[in-house]
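S.K.: here is a sequence together with a model predicted from it:
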Amino acid sequence: QNDLKKLFQGGVSEGLGLDLAVRARMVRRLAEQGVRDAPVLAAMRAVERHHFVDTAFAPMAYEDTSLPIGLGQTISKPSIVARMAELLLGAEGARAGGLGRVLEVGTGCGYQAAVLSLLAREVYSIERLRGLHEKARTNLRYLRLTNVHLLFGDGMAGYAKGAPYAAIVAAAGGSSLPLQWCEQLAVGGRLVAPISGADGQQMLLVVDKTPHGLKQNVLEPVH
């Protein structure tokens, strides 16, 4: 992972104020907002978020806001990406032996997959929109991440060939969790996803798979 971090910190763009100091300020804000996990903060500092958004939005890349990435989709706010990553690392299995194989549902532009690549042994990321799948491939190609596998398909079915997963994270969710996600989660693993209530409000849901079954916790509102 040290070699990966050196790779991520290379090739910083000039002229837009997108240097390491700007990412460092973003990370300080994340810490002030409550993100405490050192590996998560290091990964957020290493990944160049401006590389994953259109040039017009590059000056806003390190603000804590979601930005359009095409096809009616957005790149998640840095605080949401960091929060989800920290929750995944808090799973019983990850605390005991590090974060193993992760399934990401909703690759989008590839930003979260890049962050996860610095935290997990292996990342399977699936995207249902062909245009975004191809965009993520382009965005991630120069990083040459050997532990990231990009898949095109319906993530609601998960990806059985890679199961069981130490962690599953979803960028978007419906009113209920797909049964396949729960089945593909390893014992000791954790699933993090937004879920919609009867009022349409999305909440962050954490599901831990224990030897005795599934344990669910509903956390803060998300959008």
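M.R.: Structure received.

S.K.: C-alpha only now, for contacts and for neighbours.
M.R.: Will do.

S.K.: do a quick rundown of the helices in the protein.
M.R.: 2-8, 20-32, 38-46, 78-89, 92-97, 111-117, 130-141, 179-184 (DSSP state H).

S.K.: note down every partner strand of the longest strand anywhere in the chain and its orientation.
M.R.: Longest strand in the chain by number of residues, with DSSP state E as the criterion: strand 185-196. Taking DSSP bridges as the criterion, strand 185-196 pairs within the sheet with strand 165-170 (parallel), strand 202-210 (antiparallel).

S.K.: which of the helices of the chain sits closest to residue 169?
M.R.: Taking C-alpha to C-alpha, helix 78-89 is the member of these nearest to residue 169, at 7.5 Å.

S.K.: returning to that earlier point: chain center to the longest strand of the chain, what's the gap?
M.R.: Distance, stretch centre to chain centre, for strand 185-196: 13 Å (C-alpha atoms, centre = their mean, to the nearest Å).

S.K.: closest to residue 203 out of the helices of the chain?
M.R.: helix 78-89 (12.0 Å).

S.K.: list the buried ones in that closest one?
M.R.: 78-89 (16 or more other C-alpha atoms under 10 Å).

S.K.: and that helix, what does it pack onto?
M.R.: Using 3 or more C-alpha pairs under 8 Å, 6 or more residues apart in numbering; DSSP states H and E as the contact test, the elements touching helix 78-89 are helix 20-32, helix 38-46, strand 185-196.

S.K.: okay, those, which one's buried deepest?
M.R.: Burial of these is given as mean neighbour count (mean count of other C-alpha atoms under 10 Å); strand 185-196 ranks first at a mean of 24.

S.K.: what lies in contact with it?
M.R.: 84, 87-88, 91-94, 163-177, 182, 202-211, 222 (C-alpha atoms under 8 Å, 6 or more residues apart in numbering).
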